[in-house]
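[1] For reference, the sequence and a predicted model appear below.
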Amino acid sequence: MTKNLNTPAVATLAAALCLAALLARPAPAGAVTICDVQDYDSAGFSLLEGETVTVKGAVIVPPGLLQPQYTSMYIQQGDCGVNIFCFDLLPFELALGDSVQVTGEVVEYVSSGSGAGATTEIMCESLEQIELLSTGNDPVEAAALDLPDVNLEDNEGRLVKTIGIVIDNNFDFSMYLGDPYSGASVQVYKSYIEGTDFSVFVPGDTLEITGFVLQYDRAAPYLQGYELVPRYQSDMQYAEPVEPPEPEYSAEARLSVPARPFRPDIGEVLPIGYSAPERSETTIEVYDLQGRLVRTLTEGDYEGISALPEYYKEGFYGEGVRGWDGRDELRRLVPAGTYICRLEVEDRDGNKSVKIAPAVVGIKLN
Ligand SMILES: [Ca+2]
């Protein structure tokens, strides 16, 4: 029996919802979220480019900090921020955390001269389009990002913070923060007015920098050319050196055995590749198709080979290659045929994982 949705109760609920919608304060025409404004196409441009929208957000870069002669500020809502630009100066001050509502046209600023830019702006036509909704709020907390995750279109206009090492600089306008483990770097750029003094830092300093992400890309598609812009000197703090990242192991063990037959009778050895979580107990065995244990490869015929960098190896037990020479425990050559390699791993928490793969012992075909 199927339920009939056209019951009086459902009809009453729908009517109540309609009434609630009518009673709610109507949203301004064109009301969208800042994340809607920052949603982008394959060229890196806003999907709302050219449209007039109304957004709400909290001030993360107040007017007056970037440009003295215009109103240029950044506001953020959720994980998305955007530049607000007016040619006129705002007649009132705004503080960090103030909540504002802004109406304006979504513009992708690209310099007609250099073709560079692609920072998304909401351009207001009159200052009446900027309305202060509330003041005295807590400032927006900067999102803590790993350095390689800063240079993304998703972060443009947003307040973020990251830790890196000063690796290179033109201390007048910009310096570079690097991540020694991934090789990624981020350009840190000076805010337009007095802002920030990079000359107090030297290469090798580890800094945590808070700032908004600006884009100054030089060619389409506009998905590169990001700069991290600290607003104040206090946005740049000395920090502890970055720890090497935890090696990424899958929680599961992996076993890899070549599918081709190997010829132990002429001295070939089958390389059995495996990996396992750090410091786990690892056993590799070979069985015949009747389920009889043929050989335990607890002692590698090959040395374990780890492709990981040196600093990962400490305490590391379990990625590498074991060789099977096609012999049983008594070192007798096994008959040609199919065998089963079995990897059993028990991690530090006692979780067991078993993987099997076939191995084929071949013979010379006349
Ligand atoms: Ca952009």
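    Cool, got the structure.

[2] how about the residue at minimal distance from the centre of the chain, what does it touch?
    Closest residue to the average C-alpha location of the chain: Asp149 at 4.7 Å, with Cα atoms, centre = their mean. By Cβ atoms under 8 Å, 6 or more residues apart in numbering, the contact list for Asp149 reads 155, 162. Bear in mind the C-beta positions are built from the backbone N, C-alpha and C, glycine included.

[3] Tell me how many other residues crowd Tyr226.
    22 (other Cβ atoms under 10 Å).

[4] Let me see the confidence value for it.
    Listed pLDDT for Tyr226 reads 93.

[5] Just the element for the closest residue to it other than its chain neighbours, please.
    Nearest non-adjacent residue to Tyr226, counting by Cβ to Cβ, 6 or more residues apart in numbering: Asn151, 4.4 Å away. Asn151 is located outside every helix and strand, with elements delineated by DSSP states H and E.

[6] mind checking how far Asn151 is from Thr33?
    Distance, Asn151 to Thr33, by Cβ to Cβ, to the nearest Å: 23 Å.

[7] can you pull the contacts of the residue nearest to Tyr226?
    184, 186, 224, 226.

[8] Go ahead and confirm the second one touches Val150.
    Yes: with contacts defined as Cβ atoms under 8 Å, Val186 counts as touching Val150 at a distance of 4.8 Å.

[9] for the stretch 201-350 of the chain, which spans come out with low pLDDT?
    Across the stretch 201-350 of the chain, the ranges flagged by pLDDT under 70 are 244-252, 278-279, 298-320.

[10] so the residue in it positioned nearest to the ion bridges to which residues?
    Using Cβ to the ion, the closest approach of the stretch 201-350 of the chain to the ion is made by Gln215 at 4.5 Å. Residues in a beta bridge with Gln215, per DSSP bridges, are Tyr226.

[11] Could you check how many residues crowd around it?
    As a burial measure, Gln215 scores 25 neighbours (other Cβ under 10 Å).

[12] same question, Gly44
    A count of nearby residues for Gly44, using other Cβ under 10 Å, gives 19.

[13] what does Gly115 give?
    For Gly115, using other Cβ under 10 Å, the count is 13.

[14] Contact partners for it?
    Taking Cβ under 8 Å, 6+ apart, one finds 218-219 in contact with Gly115.

[15] Local confidence estimate at it?
    74.

[16] Equivalent analysis for Val200, please.
    pLDDT, Val200: 91.

[17] How about Ile363?
    The model's pLDDT for Ile363 equals 81.

[18] how about the nearest residue to Asp88, chain neighbours excluded?
    Leu127 (5.4 Å).

[19] quick one, phi/psi of that neighbour?
    phi -70, psi -20 (degrees, to the nearest 10).

[20] what's the answer for Ala357, then?
    phi -150, psi 140.

[21] likewise Pro264?
    phi -60, psi -20.

[22] Excluding sequence neighbours, find me the nearest residue to it.
    Gly326 (2.4 Å).

[23] shared neighbours, Val186 and Val150?
    Shared contacts of Val186 and Val150, counting by Cβ under 8 Å, 6+ apart, come down to 162, 226, 228.

[24] now these in CSV, with distance to the ion?
    What follows is the shared contacts of Val186 and Val150, written out as CSV (distance: Cβ to the ion, whole Å):
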residue, distance to the ion
Thr162, 19
Tyr226, 9
Leu228, 14
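
[25] care to break this structure down by domain?
    29-134, 143-238, 254-361 (automatic domain parsing).

[26] So Tyr189 is in contact with Leu214, correct?
    Yes: if you go by Cβ under 8 Å, Tyr189 and Leu214 touch, sitting 6.6 Å apart.

[27] shared neighbours, those two?
    Shared contacts of Tyr189 and Leu214, defined by Cβ under 8 Å, 6+ apart, comprise 227-229.

[28] and which of the residues you listed is nearest Val360?
    Leu228 (55.2 Å; Cβ to Cβ).

[29] Now the element after the helix or strand harbouring that closest one, going C-ward?
    Assigned by DSSP H and E, Leu228 falls within strand 226-229. The helix or strand immediately downstream of strand 226-229 is strand 236-238, counting by DSSP H and E.
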